[in-house]
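A.B. asks: Below is the structure, and that's it, no one-letter string:
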């Protein structure tokens, strides 16, 4: 194989890897935005319920945080 052809294939693979990585990060960013939206919603609900009965605003009634490790 010529050096130019090897370089072109290597460059194409590098570009494909970069595109795959970019897509993965976009998905992770969207997931993070959604987690933050749910967290803010829970906090807002907790503030609205703070004047009502204690069982409505207890930590046990909240959904657990998701973990992506």
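C.D. replies: Nice, thanks for sending it over. Here the structure is a predicted model, which means the values were calculated and not measured.

A.B. asks: show me where this protein has helices.
C.D. replies: 3-49 (DSSP state H).

A.B. asks: Low-confidence regions, it specifically.
C.D. replies: 1, 51-69 (pLDDT under 70).

A.B. asks: if we go to 80?
C.D. replies: Where the chain drops to pLDDT under 80, the residues are 1-2, 4-8, 51-69.

A.B. asks: What about residue 9, how many residues nearby?
C.D. replies: By other C-beta atoms under 10 Å, the residues close to residue 9 number 11. C-beta: built from backbone N, CA, C; applies to glycine.

A.B. asks: how near is it to residue 40?
C.D. replies: Going from residue 9 to residue 40 by C-beta to C-beta, to the nearest Å gives 47 Å.

A.B. asks: do the same with residue 50
C.D. replies: Going from residue 50 to residue 40 by C-beta to C-beta gives 16 Å.
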